[in-house]
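> Structure of the sequence below:
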Amino acid sequence: MSMQNRRKPKPYGKPAQKSKESHPKEAQVSPEEIRLNKYIANAGICSRREADKLIADGAIKVNGKVIQELGFRVKAKDVVKYKGQQLNPEKKQYILLNKPKGFITTTSDPKGRRTVMELVENACSEQIFPVGRLDRTTTGLLLFTNDGELAKKLTHPTNKIKKVYQVSLDKAISKADFLAIVDGLTLDDGAVKVDDLAIVSPDEKVLGIEIHLGKNRIVRRIFEHLGYRVEKLDRVMFGNLTKKDLPRGKWRELTEKEIRWIK
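Model (predicted):
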């Protein structure tokens, strides 16, 4: 047989072309899926490295099944549990705002009024919400988070989270009214007891008041009940959080130390 009649051999090792249909769909990673260790870390349980150990130890369940595969990926709709508790994959955020006047404390307003959410819209990509509320004309510290369990803890009166306000009145407070507040008042919605009260200005128009009750407009109503008009109301402390180095209208993230304290 002549050399011209021989067929040319195929290049050694060159794979034959496959159609697109030959690629298994299972090999494609959905952009909606994330690694299980990242999911756990985003939920605030631990770091990714520590999450790998939890997975390897069989401490994590996905949709009721123990998962020990370190590269396992989950979807947003999957139910992931650790110690029987369902995890939220969204990273926990804790934002502290020094609220100015003119903003209402709500996530949205059908009347189109300005809300505190406008002031923290660039703080993070997660959906956060205010913890408690300050009325439109009240200024001062307001905490935002996406940690619902913590928010419930901070706003429940039995936990006695300290809130300190500076109150400016239209006239000097009398000794009798000062003592009446300290002893406790009864308003339309029940008894009110403050934790501390102090006069902080020579003209006796400015006071500091500490209270843990979360009733609506409670500080204003205390003084209005006794015939005073509150001209300014500023929350200067929330728990151990203060306004130090936080200008009016600005926000900052809590430090790790502050987060440990509030938890």
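> tally of neighbours for the residue lying closest to N240 once chain neighbours are set aside?
Spatially, and ignoring its direct neighbours in sequence, N240 is nearest to W261 (5.6 Å; C-beta to C-beta, 6 or more residues apart in numbering). Any C-beta I mention is one placed from the backbone N, CA and C, and that applies to glycine too. When neighbours are counted by other C-beta atoms under 10 Å, W261 registers 12.
> So W261 versus G71, what's the distance?
From W261 across to G71, the span is 36 Å (C-beta to C-beta, to the nearest Å).
> Make sure the residue nearest to N240 is indeed in a helix.
Yes: assessed with DSSP: H, G, I helix; E, B strand; the rest coil, W261 lies in a helix.
> tell me the phi and psi of the residue nearest in space to the middle of the chain?
Centroid-nearest residue in the chain: T145, 0.8 Å away (criterion: C-alpha atoms, centre = their mean). With angles defined as degrees, to the nearest 10, T145 sits at phi -160, psi 170.
> Kindly report the same for G148.
Dihedral angles (degrees, to the nearest 10) for G148: phi -60, psi -40.
> burial count for it?
Applying other C-beta under 10 Å, we find 11 residues neighbouring G148.
> The one 3 residues further on now?
Using other C-beta under 10 Å as the criterion, A151 is surrounded by 18 other residues.
> Mind listing what's buried along the helix or strand containing L179?
Assigned by DSSP states H and E, L179 belongs to helix 175-183. Neighbour counts over helix 175-183 (16 or more other C-beta atoms under 10 Å) mark 177-178, 181 as buried.
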